[in-house]
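Novice: have a look; sequence and predicted model below, questions after that.
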Amino acid sequence: LVQIFVIKEKISKMMEGSDQEGPSTGSEFTSSNLKRAIQYWLDKSTIHIFPRWIGFVVLLLLFSLRIYMVQGYFIVAYGLGIFLLNNFIAFLSPLEDPNDDSPGLPSTASDGKEFRPFARRLPEFKFWLASARGTFTSILMTFFPVFDVPVFWPILLMYFFILFFMTMKRQIMHMYKHGYVPISFGKAKYKDAGVEHGTFGGGMSKRSN
């Protein structure tokens, strides 16, 4: 009888444990589905460069309008500006440091004959994603009074422009010194690239006359 009582106690504890783990498992399942859906749409948006940056500009305009309407949160705006500037510098910088001894960007005409695409330290998609997340987070921060630190905003604006000028000047000098341009021109484009033809799609299904 004692053994039967112990077995019943264990079974009841197991049933209670399963009931308590049910909601947590469901919440984890929902969060994983949400992350998977977000990642799916992010992957789908990689080829749509122009609409993505239009969305970022809209977010930035909404943030500016929010700052103008409440006349506050200038420290948040300053932090967002520094964040965007750092990402922009990383976007313009090469992946490999030209000061290293390892082979990197071509420095002579003979080295430049072989085409090597410019590898960025921060790719375009990651630059957009970080900028959009930072701007959206800044908009959310403007709804919490704890982030509304009283500052004299003309000083912050002047300091940001000075920092922007000095940082861009250093980056341009770095580009001029090592002879690289972070923008690709003259890339070959093909007429039917990415266009699906035929019943099942694909360029091979197009009939030649």
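Specialist: Cool, got the structure.

Novice: pLDDT below threshold where in this structure?
Specialist: Within the chain, the stretches with pLDDT under 70 are 1-29, 97-118, 184-209.

Novice: which elements pack onto the helix or strand hosting M168?
Specialist: Element membership for M168, per DSSP states H and E: helix 153-178. Judged by 3 or more CB pairs under 8 Å, 6 or more residues apart in numbering; DSSP states H and E, helix 153-178 is in contact with helix 74-92. For the C-beta atoms, the positions are set from N, CA and C on the backbone; glycine is no exception.

Novice: so what angle separates the directions of the helix it packs on and helix 153-178?
Specialist: 10 degrees (axes from the mean of the first three to the mean of the last three CA atoms, to 10 degrees).

Novice: how about helix 74-92: buried residues?
Specialist: 74-81, 83-84, 87-89, 91-92 (16 or more other CB atoms under 10 Å).

Novice: ok, now stretch 166-177?
Specialist: Going by 16+ other CB under 10 Å, stretch 166-177 has these buried residues: 174-175.

Novice: residues contacting that stretch, please?
Specialist: Applying CB atoms under 8 Å, 6 or more residues apart in numbering, the contact partners of stretch 166-177 are 85, 89, 92-93, 181-182.

Novice: stretch 61-77 now?
Specialist: Contacts for stretch 61-77 (CB under 8 Å, 6+ apart): 80, 135, 138-139, 141-142, 147-149, 151, 153, 156.

Novice: would you mind measuring from K169 to W153?
Specialist: Separation of K169 from W153 (CB to CB, to the nearest Å) stands at 24 Å.

Novice: ah, wrong one, I meant E96
Specialist: 39 Å.

Novice: more crowded one of the two?
Specialist: W153 (16 against 13; other CB atoms under 10 Å).

Novice: tell me the contacts of the more buried one?
Specialist: Going by CB under 8 Å, 6+ apart, W153 touches F74.

Novice: and the gap between it and Q171?
Specialist: Relative to Q171, and taking CB to CB, W153 is found at 26 Å.

Novice: now swap in P182 and tell me
Specialist: Distance from P182 to Q171, by CB to CB: 9 Å.
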